[in-house]
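# Quick check, what structure comes out for this input:
(3 chains)
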Amino acid sequence: MARTVWNSTVGKKTVMAVSGLIMLLYLVAHMLGNLKIYFGAPEFNEYAHWLRTMGEPLLHYEWALWVVRVVLVVAVVAHAVSAYQLSRRDIKARPSKYVHKKARASYATRTMRWGGIILALFIVWHILDLTTGHVHSGGFEEGKPYQNVVDTFSTWYGNVIYIVAVLAVGLHIRHGFWSAAQTLGVGSRTRDRALKALANVLALLLTIGFLAVPVGVMTGVVS
Amino acid sequence: MTTFAAYATGEPVVDAKAPSGPIEERWDKRRFEAKLVNPANRRKQTVIVVGTGLAGGSAGATLAEQGYRVIQFCYTDSPRRAHSIAAQGGINAAKNYRNDGDSVHRLFYDTVKGGDFRSRESNVHRLAQISVEIIDQCVAQGVPFAREYGGLLDTRSFGGVQVSRTFYARGQTGQQLLLGAYQALSRQIAAGNVEMHARTEMLDLIVIDGRARGIVARDLITGTIDTYFADAVVLATGGYGNVFYLSTNAMNSNATAVWRAHRRGAYFANPCFTQIHPTCIPRTGDHQSKLTLMSESLRNDGRIWVPKAKGDDRPPNEIPEDERDYYLERIYPSFGNLVPRDIASRAAKNVCDEGRGVGPGGQGVYLDFADAIERMGRKAVEAKYGNLFDMYQRITDEDPYRVPMRIYPAVHYTMGGLWVDYDLQTTVPGLFAIGEANFSDHGANRLGASALMQGLADGYFVLPATINDYLARNPHKDEVDAEHPEVQEVLAQTEDRLNLLLSVDGDRTPDSFHRELGELMWEFCGMARTDSGLRKALERIPQIREEFWRRIKVPGTGEEFNQSLERANRIVDYLELAELMCLDALHRAESCGGHFREESQSPDGEAARRDEEFAYAAAWEFTGTGDAPVLHKEDLVFEYVHPTQRSYA
Amino acid sequence: MKLTLRVWRQKNAGADGAMSTYEVDGISPDMSFLEMLDTLNEELTLEGEDPVAFDHDCREGICGACSLVINGDAHGPERTTTCQLHMRSFKDGDTIDVEPWRAAAFPVVKDLVVDRTAFDRIIQAGGYVSVPTGSAPEAHATPVPKPDADLAFEHAECIGCGACVAACPNGAAMLFTSAKINHLNVLPQGAPERETRVLDMVAQMDDEGFGGCTLAGECATVCPKGIPLTSITGMNKEWLRATAKGAGR
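A predicted model of the protein is given here:
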């Protein structure tokens, strides 16, 4: 079955849909966690610490987090590899362009590929910035995420990179969520409008939720 | 008088295959008497099927299912595009699901009567018997016929009958049935039982020792002309309505296969029996390339009328009720708007000739849905006819929900075709003709929703049963190949013909000749024919032919995709077939069905048949281009349906 | 009407093609687009030039032969087939670009004519019900609920023109393939082969070199028969169902 799935365009789209939904779930949790920054450094840092002690005493320290990380890495890799292979295939299937060009499809649809690449690059930067600290602007301190976040959004480029990425996330989800529903066969004529609305609401909430952090820092509410 | 009209009458042609005895038992009897081919031997027998419409598609699929090796051809890029796809209205079957008094015998009776007593009783009865099996077969294939809320099949009534026996799939019945046959054929192609050659056009028939052994065909992409061999050849190449240039046929529908078969010895029967369909969209100008049919089913709910006064050019909605002439309802009160096609067409022509026609050039009558919309509501009308209304609006830019449609008759179907016996075999042994390509079942006029029935009956059920008998009785002892001298000769003749077309390099396009011929035929061999008019046409056609070979211009070469060459080559055959059509129309000095001779009408202007002289099918034998053909008569015997003057009043 | 046409000319599959410019005059708004091209071809023939090759047959919007991309739109600005597009949709003096369907799986044969036999092979892979002639049960033996019959019909309307592929930015044949799968899979008659049909047809579609679906929706926008985009959703569902069932065996 795995072979059937992986060898088929429909199967690869299924992989993308499932991995996308996993990432979407993660993003919702991530965004909600982020908003705790508005409750001040102690609470935010405590929340960050809890992420590492989740599941104890059944699990060892950071085990749950690693499970999440592994799942996420698998999802990202599966999503990206499928996307790459499908894109290659799509480009090959349409080798010559029309002389008469026309703007088509919605903005979100057309930006899925670029949006995906932007997001991939962002994830790398984001991890190096706030998880490992390698490219962090201020003095990165393990266990002090509140300060690290404030540092990042105190630089203009930190804000620009982040805001561009968040907007890309929004657009990506707007088309991606609805698209995943179609791929997984849950869409129907009667449900179509509801699914599109849900995709828009999700995209909007996530965009606003994620943007709230840099905005908070910029406006001085978070400092 | 031209030499062509000085035809000789030869020996009568007799159908030796239909068994005697009670008509209900003949088909069973024939199937039992027919020899069978051992299933193991079928793989060694090859059948060529030309055409992939309802008849060809169903025949190819069925023969392959039976184990024969099938080589099949179509000129379109896919077998799914054959013109059967354009049939709109429906398919008749004597299922009597409505409990409205229908039966096999009634369908048989209606068809013989509708055909104005010029068809063969045995064949028609078999058609009516098989009609019920067709519906079963198509439903099982997944053809999405219209259904009622209980989940059972819906039916509607059609012209010329008083029962509701027409099964339909909205206005696209032909499409759905064809796709069913195409899918069955596709399954056999995938299984390796059918070797499919799309975009390949048959250009000639190979006859060796008096038997059909193969065809010459041109690959339309590369231009390569090749030969293909088989133990039997089946032509399912449709009708020849495109002789008229403007018709409801597809642009590429053509008569080349049947005409070339005719030239190689197959008799051509009743070529003048052409059907003019009453409900087509009128032409808009000289640019017109084809005419579009509006399904006859519209006559179920639409009312046909013209203004009572001549030259009344008020918009239709401003003409009060008492100044309208619902002429079909007036002249034929019991059938009203549902009279058979030939009668409806001629009535439209008559009112237009009287100067009461509507629209540009006065060549149209109204088909009005105002009453239907009031009675059933716009929604119901939309559900029933929506796609037809949309099509009308797209073509004419008028909204038929608000303004009555304008319609006018147009050439639609040809009842004539290659003469075949009960087994559907032509006068060339081993050559079979099925569907519209043969002459068999519709006499002088075809009833609505019967073409689909006949095509599928021939292809699914009749031919696959009867061809066994030929193949079993006549095993070919010798193999033929391309080196055979007769094959070489046919091939050379084909190549010469195409080369000649390319080499003339004149100053007229193929279309200009086609248009000229078509106008001539419409004028003199159209809805009403006269002795003098037909003679005029017979004089003119050889002149056009001569001019054609002097002035035709075909650009390009034969070794490439060349649509001009394809067209020009088809016109070569139309220019000969047209002559035979006119001669047939001239010789048949009676009116019957679609063939209306002005000299032969009743005092009130109805067609008058002359059974004593003309109760026969006219099968013509080719003797040479422009040479008088030989007429062979097949006497028609009516044991079950006694010929009467048709009355739909 | 007077128009400037820019038409893709390509001698054969192997040759390079390019746009050529032609002027046509005396075009009536009542002409169909193909009749306008007929007019051009008559002129070209008389001038001794090669007429423009294009596929067409029934000219009443049902055979699916005609296949032109007009000003970047498959079948032109109206939602119909090219043969049913009339010149009243254009204005005097317009410049019109005419191109063939573009997709790797639809190679150009000549000028505006492409090879669509890939569609036939997709149907051959499973787009049928295996019911040899003569083996059918009585038609009323299996009633089909009207909504199912209507749904099947709606998908069965596909004319196989290939506009969906031409319009798809990925050259995908999902709408074509899904139309047939939905048509047959919704009916009780199609049920016995439900799983193999979808799996085999999708596999064939992939083998033919069509792209995948990104749900851009262009296919459904240009489909002259109005096959909805949800048709693809239905096919995906059937595919997942069949795959899951296959795994359970």
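
# So residue B:179 sits against residue C:157, correct?
No: here residue B:179 does not reach residue C:157: they are 9.7 Å apart, not a contact under Cβ atoms under 8 Å. C-beta here means a position set from N, CA and C on the backbone, and glycine is covered the same way.

# neighbour count winner among these two?
Comparing residue B:179 with residue C:157 by neighbour count (other Cβ atoms under 10 Å in any protein chain shown), the higher total belongs to residue B:179, at 31 against 23.

# mind checking how far the more buried one is from residue C:101?
In this structure, residue B:179 lies at 21 Å from residue C:101, with Cβ to Cβ, to the nearest Å as the measure.

# neighbours around the residue in chain C that chain A sits nearest to, how many?
Ranked by Cβ to the nearest Cβ, the top residue of chain C for proximity to chain A is residue C:237, at 2.6 Å. Counted with other Cβ under 10 Å, the burial measure for residue C:237 works out to 20 neighbours.

# Please name the spatially closest residue to it (chain neighbours excluded).
residue A:185 (2.6 Å; Cβ to Cβ, 6 or more residues apart in numbering or on different chains).

# Am I right that the one you found is in a helix?
No: assessed with DSSP: H, G, I helix; E, B strand; the rest coil, residue A:185 is coil; it does not lie in a helix.

# Pretty sure it sits against residue C:234.
Yes: shown here, residue A:185 and residue C:234 form a contact pair, counting by Cβ under 8 Å, at 7.1 Å.

# Neighbour count for those two, which is higher?
Legend: neighbour count by other Cβ under 10 Å for residue A:185 and residue C:234, higher for residue C:234 (24 against 21).

# contacting residues for that one?
In this structure, residue C:234 makes contact with A:185, A:188, C:178, C:181, C:182, C:185, judged by Cβ atoms under 8 Å, 6 or more residues apart in numbering or on different chains.

# doesn't residue B:283 make contact with residue B:359?
No: using Cβ under 8 Å, residue B:359 is not in contact with residue B:283; the gap is 10.0 Å.

# returning to what we had before: which of the contacts of residue C:234 fall within helices?
If you go by DSSP state H, the contacts of residue C:234 have C:178, C:181, C:182, C:185 in helices.

# can I get those residues in TSV with neighbour count?
Listed next are the ones in helices among the contacts of residue C:234 as TSV, based on neighbours: other Cβ atoms under 10 Å in any protein chain shown:
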residue	neighbour count
C:178	33
C:181	28
C:182	28
C:185	24
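
# Please report the distance of the closest residue to residue B:91 other than its chain neighbours from residue C:135.
Counting by Cβ to Cβ, 6+ apart, residue B:91 lies nearest to residue B:452, which is 4.1 Å off, once chain neighbours are set aside. When Cβ to Cβ is the yardstick, residue B:452 and residue C:135 sit 21 Å from each other.

# what about these two, which has more around it?
Remark: of residue B:452 and residue C:135, residue B:452 carries more neighbours, 30 against 11, as counted by other Cβ under 10 Å.

# quick one: pLDDT of the more buried one?
What the model reports as pLDDT for residue B:452 is 97.

# Once you drop chain neighbours, what's closest to the residue in chain A that chain B sits nearest to?
As assessed by Cβ to the nearest Cβ, chain B sits closest to residue A:189 within chain A, at 17.9 Å. Using Cβ to Cβ, 6+ apart and skipping the chain neighbours, the partner closest in space to residue A:189 is residue C:230 (5.1 Å).

# Please apply the same query to residue B:371.
Beyond its immediate neighbours in the sequence, the residue positioned closest to residue B:371 (Cβ to Cβ, 6+ apart) is residue B:303, lying 6.0 Å away.

# next SSE after the strand or helix carrying residue B:522?
When secondary structure is defined by DSSP states H and E, residue B:522 falls within helix B:510-524. On the C-terminal side of helix B:510-524, the closest following helix or strand by DSSP H and E is helix B:531-551.

# any residue of that following helix up close to chain C?
No: Helix B:531-551 lies apart from chain C when judged by Cβ under 8 Å from any Cβ of the partner chain; the minimum separation is 11.4 Å.

# try stretch A:80-94
Yes: interface with chain C: stretch A:80-94 contributes A:86, A:89, A:90, A:91, A:92, A:93, A:94 (Cβ under 8 Å from any Cβ).

# ok, residues contacting stretch B:11-27?
B:29-30, B:33, B:104, B:108, B:120-123, B:125-126, B:129-130, B:267, B:419, B:421-423, B:425, B:427, B:466, B:619, B:632-635, B:639-640.

# I meant stretch C:194-206, not that one.
When contacts are defined by Cβ under 8 Å, 6+ apart, stretch C:194-206 is touched by residues A:4, A:7-10, C:121-127, C:173-174, C:177, C:180-181, C:184-185, C:190, C:235, C:238-239, C:241-243, C:245-246.

# swap in stretch B:185-196?
Stretch B:185-196 is touched from outside by B:52, B:57-58, B:60-61, B:64-65, B:67-72, B:74, B:79, C:120, C:123-125, C:127-128, C:130, with contacts defined as Cβ under 8 Å, 6+ apart.

# Looking at the residues you listed, which are in helices?
By the criterion of DSSP H, membership of the contacts of stretch B:185-196 in helices covers B:57, B:58, B:60, B:61, B:64, B:65, C:120, C:123, C:124.

# Noted, bye for now.
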